[in-house]
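In: What shape does this take:
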Amino acid sequence: MLRILCLALCSLLTGTRADPGALLRLGMDVMNREVQSAMDESHILEKMAAEAGKKQPGMKPIKGITNLKVKDVQLPVITLNFVPGVGIFQCVATGMTITGKSFMGGNMEIIVVLNITATNRLLQDEETGLPMFKSEGCEVILVNVKTNLPSNMLPKVVNKFLDSTLHKVLPGLMCPAIDAVLVYVNRKWANLNDPMPVGQTGTVKYVLTSTPVTTASYIQVGFSPVVQQQKGKAIKLADAGDALQFPEGYAEGSSQLLLSAAFLTAELALLQTSFDADIRDTMIGELPPQTTVTLAGFIPAVAEAYPKSKPLVTQIRINKPPKLTMNPGKSLLHLHGTLEMSAVRRRGKALVSLFVLEAHFNLKVQYSVRENRLQMATSLDRLLSLARKSSSIGHFNEKELTGFITDYLQEAYAPVVNDALQVGLPLPDFLAVNYNLAQLDVVENALVLDLKLD
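Out: A predicted model of the protein is given here:
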């Protein structure tokens, strides 16, 4: 039964490629675990045993034997195999004991060893669009029969018992258990296409591109995620270029989730306004005091305009959607925006703009998972360009500010971005998968989560 549930999982997970978007590849590791969990939680074995202990309606009386009952249904051994293009073939090896009273007054026992085989075909629910498993061609194959009946009555009685009774009763007894497990597995996909919030900025919804695809080694599911603004339209994912592919080198039978750079970029676009900042602190980390005196060391005209020291306020506005780039081992967040520095007047604390700079810079991104959400932490990589847009203090060479602005972005602005990113990006909710133990790898144009078992 364990593997039965596993089978169900497998077929359901069979997926096609989604470009751009996300790919899920499920091997036997996750499926075996999920099947075991579903078996335990559904209590299907206990229910089978209880059902087997009842008098079965198809159990016809045999001359010379009375009070036929089924007991001691053995813990099944389940073997799963992927069936390319179909789903999963399952073989459940189990056994049971048939008891009764012989005409001689003694107890009769017939110990039956059998295999239950079925194919779990993956379908797609017409109403919800969710994957669902359905068993087909369930058969019960008798492997071995032993009995304590006298040898002179064995062939006739046992053959009659097998032909007229077990072949009719056992499929009705055992096959519904497979269906019951599949129902339980199918429920674990119920939340897959529910919109999941990204803070207060919008939602992400994982939508299957098509029915999952089964290969000889794994099931692959393709997603076309819908990134929806809280008040606005869906954000279109950029063309990812080359088709998404899982890199080689992962253990056979293991499971991975691949998230494209285009998809993560669309999610970060939800947070664009959260990356805006008004920074008023005078003392920030290792930076010199944020005052006109410090700024005058780079732009002498500031000292002429403000002979006395005034606090500075820096306003950063991101005016283009953020973009993630990914190369093996390195991920960068590209930000374009304006940086405006203003002096604070004492009276009413009104701001007087000193200058506005156009800036393009990269932040290095480190990935982790917490509470089944993808987390990002950034630090400055490079200030790529700096150009003066306007100035109230006359002409100055903005290149002289490169070092000052670089330090400022690292010490003062990167923490703002990190605070905004703490909302985390939602991961697909299916089969109670725990992402927290996943190993994360940055590959070409994608992030791969190598899923690990608890």
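In: and Asp40, how far is that from Leu357?
Out: 61 Å (C-beta to C-beta, to the nearest Å). All C-beta spots, glycine's among them, are computed from the backbone N, C-alpha and C.
In: got the buried residues for stretch 173-191?
Out: 173-186, 188-189 (16 or more other C-beta atoms under 10 Å).
In: Alpha carbons of that stretch, in CSV - could you do that?
Out: Output in CSV follows, covering the C-alpha atoms of stretch 173-191 (Å, rounded to 0.1, in the frame of the first residue of the first chain):
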residue,chain,number,x,y,z
LEU,A,173,-11.3,-6.7,-1.0
MET,A,174,-7.9,-5.5,-2.0
CYS,A,175,-8.3,-3.2,-5.0
PRO,A,176,-10.4,-0.6,-3.2
ALA,A,177,-7.5,-0.1,-0.8
ILE,A,178,-5.4,1.1,-3.7
ASP,A,179,-8.1,3.5,-4.7
ALA,A,180,-8.4,4.8,-1.2
VAL,A,181,-4.7,5.6,-1.0
LEU,A,182,-4.9,7.4,-4.3
VAL,A,183,-7.7,9.6,-3.0
TYR,A,184,-5.6,10.5,-0.1
VAL,A,185,-2.6,11.4,-2.3
ASN,A,186,-4.8,13.4,-4.7
ARG,A,187,-5.8,15.6,-1.7
LYS,A,188,-2.2,16.6,-1.2
TRP,A,189,-2.3,18.5,-4.4
ALA,A,190,-5.3,20.6,-3.4
ASN,A,191,-3.4,23.7,-2.5
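In: I'd assumed Gln90 was in contact with Leu80.
Out: Yes. Using C-beta atoms under 8 Å, Leu80 is in contact with Gln90, at 5.5 Å.
In: Quick one: neighbours of Leu244, just the number.
Out: Residues within reach of Leu244, counting by other C-beta atoms under 10 Å, total 24.
In: pLDDT value on it, please?
Out: On pLDDT, Leu244 comes in at 84.
In: Mind listing what's buried along stretch 373-385?
Out: Buried, per 16+ other C-beta under 10 Å, within stretch 373-385: 373-376, 378, 380-381, 383.
In: Between the two ends of stretch 186-202, how far is it?
Out: Chord length of stretch 186-202, first to last residue, is 28 Å (C-alpha to C-alpha, to the nearest Å).
In: oh sorry, the question was meant for stretch 436-450
Out: 11 Å.
In: Residues contacting it, please?
Out: Residues outside stretch 436-450 that contact it (C-beta atoms under 8 Å, 6 or more residues apart in numbering): 240-242, 244, 246-247, 250, 254-262, 264, 326-331, 367-372, 374, 427, 435, 451-454.
In: for the buried residues of stretch 373-385, which one is nearest Asn362?
Out: Asn362 lies nearest to Asp381 out of the buried residues of stretch 373-385, by C-beta to C-beta, at 4.1 Å.
In: Could I get the contacting residues of that closest one?
Out: Here Asp381 is in contact with 332, 361-364 (C-beta under 8 Å, 6+ apart).
In: can you do 10 Å?
Out: By C-beta atoms under 10 Å, 6 or more residues apart in numbering, the contact set of Asp381 is 330-334, 361-365, 409-410.
In: and if you look at Thr378?
Out: 331-333, 335, 362-366, 410, 413-418, 420-421.
In: before we move on, the earlier item: mark which of the contacts of Asp381 are buried, thanks.
Out: 331-334, 361-363, 365, 409-410.
In: Low-confidence stretches in the stretch 251-400 of the chain?
Out: Across the stretch 251-400 of the chain, residues meeting the criterion (pLDDT under 70) sit at 347-348.
In: Leu401 looks like it's in a strand, true?
Out: No. Counting by DSSP: H, G, I helix; E, B strand; the rest coil, Leu401 is not found in a strand; it is helix.
In: What about the closest residue to it other than its chain neighbours, how many residues nearby?
Out: Closest residue to Leu401 apart from its sequence neighbours, by C-beta to C-beta, 6 or more residues apart in numbering: Phe298 at 5.4 Å. Using other C-beta under 10 Å, Phe298 is surrounded by 16 other residues.
In: Any chance of the backbone angles for Phe298?
Out: Main-chain torsions, Phe298, degrees, to the nearest 10: phi -110, psi -30.
In: tell me the contacts of it?
Out: So Phe298 contacts 396-398, 400-405 (C-beta under 10 Å, 6+ apart).
In: how does it look with 7 Å?
Out: 400-401, 404 (C-beta atoms under 7 Å, 6 or more residues apart in numbering).
In: now, among the contacts of Asp381, which is nearest to Glu304?
Out: Leu409 (27.0 Å).
In: Do I have it right that the closest one meets Phe361?
Out: Yes. Contact criterion C-beta atoms under 7 Å: Leu409 and Phe361 qualify, at 5.9 Å.
In: list residues touching both of the two?
Out: By C-beta under 7 Å, 6+ apart, the residues touching both Leu409 and Phe361 are 380, 383.
In: Out of the contacts of Thr378, list just those in strands.
Out: 331-333, 335, 362-366 (DSSP state E).
In: Need those residues in JSON lines (columns: distance to Met31).
Out: Formatted as JSON lines, the ones in strands among the contacts of Thr378 follow (distance: C-beta to C-beta, whole Å):
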{"residue": "Ser331", "distance to Met31": "30"}
{"residue": "Leu332", "distance to Met31": "35"}
{"residue": "Leu333", "distance to Met31": "35"}
{"residue": "Leu335", "distance to Met31": "41"}
{"residue": "Asn362", "distance to Met31": "40"}
{"residue": "Leu363", "distance to Met31": "38"}
{"residue": "Lys364", "distance to Met31": "36"}
{"residue": "Val365", "distance to Met31": "31"}
{"residue": "Gln366", "distance to Met31": "31"}
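In: with those in mind, which one is nearest to Val221?
Out: Distances from Val221 to those, taken by C-beta to C-beta, are shortest for Ser331, at 23.8 Å.
In: Now do the helices in this protein.
Out: 2-13, 28-42, 44-52, 154-161, 167-187, 261-270, 292-296, 300-305, 402-408, 414-421 (DSSP state H).
In: Quick one, which of these gets closest to Val140.
Out: helix 167-187 (4.4 Å).
In: Quick one: mean pLDDT over the closest one.
Out: Helix 167-187 comes out at a mean pLDDT of 80.
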